[in-house]
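> The amino acid sequence is not available; the structure is as follows:
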């Protein structure tokens, strides 16, 4: 529990290293005496897994963080072992990783974001980069938020799979400044879904952008790219995107921009807001069917075959 002896605003607490027993769940919640604000628990030491070999993640089960509403747990220590190559986030609160996790094991490790928010405050929070088999698998349930909020752009460190509708991908910064381009790997869905993409309050100019190298769809897809209330423009760029096991449409909503940068095999493209740019031949899908229900359709100079 994070609380106070008397009634009042939430406090911030700092601890040393955090040691998990095998498959253990850490639950952090607000105590009743806290009447306002967000309670913060920061673990500044190197995370460890009790009684196990921290260099071989195949020998243990994943640790789980269950973070309650109005609570933030921050892992600020530099992670030089593979202890958190397996990670599950539960609860309505926020788990923040603000230290580098350069020893992440991408071949065995993954992140399961079941509820709440995972805030990546270091560009190597989920490893030091990689594509294909070397990228980090992140599974997002419906209603969760994955936020990138470092002041340095992340490059090729996440293979995102959506397991429910209404997940949010946020591009922010730790301090105020121009938006960054975070380069991720494959974008996947496990059924029909809506993905919300937005910039954060510290993006004051430029574009807050996510680039995916490719996509794989298992259901009708809505991409809702929304401009923040402050400044800057969110941009979602998708490489060649394939539909798997059926015929599915992609709908673009929101005031931001969607860039389709590869040849796609989805069935139809519906534009309902903002801007959509076709940056490669065949970007509108194999059927070539585009429905204009709102917004702007652009063709880049690199795409001379469509239109």
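Sure, I can see it. Just so we're clear, the structure is a prediction, and the values are computed from it rather than from any experiment.
> Might you report the residue contacts of residue 213?
Contacts for residue 213 (C-beta atoms under 8 Å, 6 or more residues apart in numbering) come out as 131, 156, 183-186, 239. Where C-beta positions appear, they are placed from N, C-alpha and C, glycine not excepted.
> worst-scoring helix or strand of this structure, pLDDT-wise?
strand 48-49 (a mean of 58; mean pLDDT, DSSP states H and E).
> about what we covered before: identify those among the contacts of residue 213 that sit within strands.
Judged by DSSP state E, the subset of the contacts of residue 213 located in strands is 183-186, 239.
> Show me the two of those residues that sit farthest apart.
183 and 186 (12.0 Å; C-beta to C-beta).
> Pick out whichever of the contacts of residue 213 sits closest to residue 38.
Using C-beta to C-beta, residue 184 comes nearest to residue 38 of the contacts of residue 213, at 27.7 Å.
> quick one, what contacts that closest one?
Contacts of residue 184 by C-beta under 8 Å, 6+ apart are 135, 154, 156-160, 210-213.
> From residue 42, how far off is it?
27 Å (C-beta to C-beta, to the nearest Å).
> picking up where we left off before, report the lowest-confidence entry in the contacts of residue 213.
Among the contacts of residue 213, residue 131 carries the weakest pLDDT, at 56.
> coming back round to it: going by neighbour count, which of the contacts of residue 184 comes out on top?
Most neighbours among those, by other C-beta atoms under 10 Å: residue 158, with 29 neighbours.
> Now do the contacts for that one.
Contacts of residue 158 (C-beta under 8 Å, 6+ apart): 126, 135-136, 138, 184-185.
> Repeat that for residue 234.
So residue 234 contacts 171, 179, 197-199, 207-209, 225-228, 256-257 (C-beta under 8 Å, 6+ apart).
> Residue 140 against residue 167, yeah?
Yes: when contacts are counted by C-beta atoms under 8 Å, residue 140 is listed as touching residue 167 (4.5 Å).
> Looking at the contacts of residue 184, which is nearest residue 235?
Closest to residue 235, out of all of the contacts of residue 184 and judged by C-beta to C-beta, is residue 210, at 7.4 Å.
> show me where pLDDT drops low in the stretch 51-200 of the chain?
In the predicted model of the stretch 51-200 of the chain, residues 51-61, 79-85, 103-109, 129-134 satisfy pLDDT under 70.
> For the most centrally placed residue in the chain, name its beta-bridge partners.
In the chain, the residue lying closest to the centroid (C-alpha atoms, centre = their mean) is residue 146, at 3.2 Å. Note on residue 146: beta-bridge partners residue 118, residue 169, judged by DSSP bridges.
> who's in contact with it?
113, 117-118, 120, 138, 140, 160, 167-170.
> can you check residue 262 too?
Counting by C-beta under 8 Å, 6+ apart, residue 262 has contacts 214, 238-241, 280, 282-283.
> Quick check: bridge partners of the nearest residue to it once chain neighbours are set aside?
Using C-beta to C-beta, 6 or more residues apart in numbering and skipping residues adjacent in sequence, the residue nearest residue 262 is residue 240, 3.2 Å away. Beta-bridge pairing of residue 240 under DSSP bridges involves residue 214.
> hang on, isn't residue 240 packed against residue 214?
Yes: counting by C-beta under 8 Å, residue 240 touches residue 214, with 5.1 Å between them.
> Output the below-cut-off pLDDT ranges for the stretch 201-307 of the chain.
The model of the stretch 201-307 of the chain has pLDDT under 70 over residues 229, 245, 301-307.
> ok, now with 80
228-232, 243-246, 286-288, 300-307 (pLDDT under 80).
> Strands of that one, start to end?
Under the criterion DSSP state E, counting those that start in this stretch, the stretch 201-307 of the chain contains strands at 203-205, 207-217, 221-226, 233-243, 249-253, 257-260, 268-278, 289-299.
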